[in-house]
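Sequence first, predicted coordinates after that:
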Amino acid sequence: MFRKSFWSLLVVLSIVLLAACGSNSSEGKSDSKEKTRTVESAIGSTEIKGSPKRVVTLYQGATDAAVAMGIKPVGVVESWLETPTYKYLRDDLKDVKIVGQETQPNLEEIEKLKPDLIIASKVRHEQIFDQLKEIAPTVATETVFTFKDTVKLMGEALDQQDKSKELLTKWDDRVADFKEKAKKDIKNWPMNVAVVNFRADHARIYQTGFAGSILTELGFEGPKNIKDKKQDIVTLTDKESIPQMNADVIYYFMDDQDKAVEKAYKEWTSHPLWKQLDAVKAKQVHKVDEITWNMAGGIIAANMMLDDIYDRLGIDK
């Protein structure tokens, strides 16, 4: 009788212990899935639970980066041109909800999507940070054109650091390849470069921003006659200022659909001072796509821009 009771008790205890172990194991897996991480960004510290799946991006570069990382956002802001989304991203953003404009996101529409992560930028959204954070955990970059910062931050926020590292490593490898080949193939390397935007009533030279930062990283130097290299945009309102565009190579873009812009462009480029620019004399003036070079602001666009530069300068990829 004693022996029978002993074995019965032993079986019961074994079942209890196995159940407890199984419960602990399940809890461990659950805790792992729902692990809370702290991500630092331009907003400060943000606690994010697990790996977000319902992401809303509030600037173009973040939307581009999401696609590059294989993520389909549930909501994005409208593109500046080619609305509602840029053509190069359109297939990947099919049926994605538009949640207002980059400068004025629609908070009600964002909330309806029940996101678990919002990607914002301080320069655009600082005034609505508190409202965004009430909807979902929110992280932000300082500005909208530093595409590498965007990729790095999104890798941390999405718990996809390996993917973001892979994208940035590939970019760094391409930059190194370009610099090596440019030094070998171009006699007057490093070249001075000017990125020019023709408008109806003035012209602009972009020294920094998206295109400017990429060109600097690639080893280009700025326009020859502009002393303040940190000035973001140099605005030219009269033809006498054309010499400020002087560079070994000029990349320009404009609104082709605007007749006033087309007229202004012809006036700028028919002026005698234009013909004296080094890039004009060397036939190194290239029209480029405004979205790729200025509006998109993401890592996919950066690679498209780099492809363009390889081709324009006749350097093998």
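Thanks, I have it.

Confirm Glu47 sits in a strand?
Yes: the assignment for Glu47 by DSSP: H, G, I helix; E, B strand; the rest coil puts it in a strand.

bridging residues for it?
Beta bridges link Glu47 to Thr38, judged by DSSP bridges.

what about it, neighbour count?
Per other Cβ atoms under 10 Å, the neighbour tally for Glu47 reads 9. All C-beta atoms are positioned from the backbone trio N, CA, C, and that covers glycine.

again, but for Thr83
Neighbours of Thr83 (other Cβ under 10 Å): 10.

Distance of Ser41 relative to Ile118?
Separation of Ser41 from Ile118 (Cβ to Cβ, to the nearest Å): 11 Å.

quick one, which of these two is more surrounded?
Neighbour count, other Cβ under 10 Å: between Ser41 and Ile118, Ile118 has more, with 30 against 20.

Okay, and the more buried one sits in which element?
Assigned by DSSP states H and E, Ile118 belongs to strand 117-121.

buried stuff in the helix or strand that comes right after that strand?
Remark: after strand 117-121, the chain's next helix or strand is helix 122-125, criterion DSSP H and E. Buried residues in helix 122-125, defined by neighbour count with 16 or more other Cβ atoms under 10 Å: Arg124, His125.

Which neighbouring elements make contact with the helix or strand just after helix 122-125?
Using DSSP H and E, the helix or strand that directly follows helix 122-125 along the chain is helix 129-135. Contacts defined by 3 or more Cβ pairs under 8 Å, 6 or more residues apart in numbering; DSSP states H and E place helix 129-135 against helix 107-112, strand 117-121, strand 138-141.

can you list residues touching both of Ser41 and Ile118?
Val139 (Cβ atoms under 8 Å, 6 or more residues apart in numbering).

sorry, back to before: mind giving me the packing neighbours of the strand holding Ile118?
Packing partners of strand 117-121 (3+ Cβ pairs under 8 Å, 6+ apart): strand 55-57, helix 60-68, helix 129-135, strand 138-141, helix 147-157.

any chance you could map the strands in the protein?
Applying DSSP state E to the chain gives strands spanning 36-41, 44-49, 55-57, 75-76, 97-98, 100-101, 104-105, 117-121, 138-141, 193-198, 203-206, 233-236, 249-254, 285-287.

Describe which strands the third one pairs with in its sheet and in which direction.
Strand pairing for strand 55-57, determined by DSSP bridges: strand 75-76 (parallel), strand 117-121 (parallel).

Need the phi and psi values for Met85.
Let me fix one detail, which is that residue 85 is Thr and not Met. Dihedral pair for Thr85: phi -140, psi 150, per degrees, to the nearest 10.

Which pLDDT value goes with it?
Looking at Thr85, its pLDDT is 98.
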